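Novice: Provided below for reference: sequence and predicted model.
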Amino acid sequence: MKQRIACITAMRPEVGAAGLSTGLPPVDLYLSTAATPLGAVHEIAGHGGDEEQGAAGAGFLALALKASAPTGWIAWVTQENDLYAPGLAACGLDLRRLILVSARRDAEVCWALEEALRSRSLAAAVAEVGALSLNAT
């Protein structure tokens, strides 16, 4: 396990590789290619479970998906079933591209995300989970 973790953490993006973009220059200024390479897993975390924080995270993801994965299917895995479609559309995300996956527990969210990441048919995969232990991930 230690060797596997060391291999994963040693990965570096290619020089000149594309990075995650929101299409908003003031935000993208803080998202360096080295910090947010495409083709990698990124975590966006917030504190608390209020609607404002969830909306901010979903809005950020919608902008990033629109700019960085402009075509293809997007799997969005959640337990809450509370995505606000008009808000995602207002951020420019084409709702026809979304595959919504509903899970009952965090473990199911992780399983669905892992399966989505294995798929070569998806442009992106998003998962919403609560606090996870190292064992769960």
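Specialist: Everything's here; your move.
Novice: so how far is Ala40 from Arg118?
Specialist: As defined by Cβ to Cβ, to the nearest Å, Arg118 lies at a distance of 15 Å from Ala40. Yep, even glycine has a C-beta here, placed from its N, CA and C like the rest.
Novice: which stretches in the chain count as helices?
Specialist: Along the chain, counting by DSSP state H, helices occupy 2-9, 25-28, 51-68, 85-90, 106-118.
Novice: can you tell me which of those has the worst average pLDDT?
Specialist: Per-stretch mean pLDDT for the helices of the chain is lowest at helix 2-9 (a mean of 60).
Novice: how about the closest residue to Gly92 other than its chain neighbours, what does it touch?
Specialist: Leaving aside its chain neighbours, Gly92 sits nearest to Lys66 (4.3 Å; criterion: Cβ to Cβ, 6 or more residues apart in numbering). Contact analysis of Lys66 by Cβ atoms under 8 Å, 6 or more residues apart in numbering lists Gly23, Cys91, Gly92, Leu93, Asp94.
Novice: do that again at 10 Å, thanks
Specialist: Going by Cβ atoms under 10 Å, 6 or more residues apart in numbering, Lys66 touches Ser21, Thr22, Gly23, Ile74, Leu88, Cys91, Gly92, Leu93, Asp94, Arg97.
Novice: and what of Asp94?
Specialist: Contacts of Asp94 (Cβ under 10 Å, 6+ apart): Leu65, Lys66, Pro70, Thr71, Ile74, Leu88.
Novice: show me the two of these that sit farthest apart.
Specialist: Across the contacts of Asp94, the longest distance by Cβ to Cβ is 16.3 Å; it joins Thr71 and Leu88.
Novice: who has more neighbours, the two?
Specialist: For Thr71 versus Leu88, the count of surrounding residues by other Cβ atoms under 10 Å is larger for Leu88: 22 against 7.
Novice: that one is in contact with Ala58, isn't it?
Specialist: Yes. At 6.6 Å, Leu88 counts as touching Ala58 under the criterion of Cβ atoms under 10 Å.
Novice: mind listing the shared neighbours of the two?
Specialist: Trp76.
Novice: measure Val129 to Leu29 for me?
Specialist: 29 Å.
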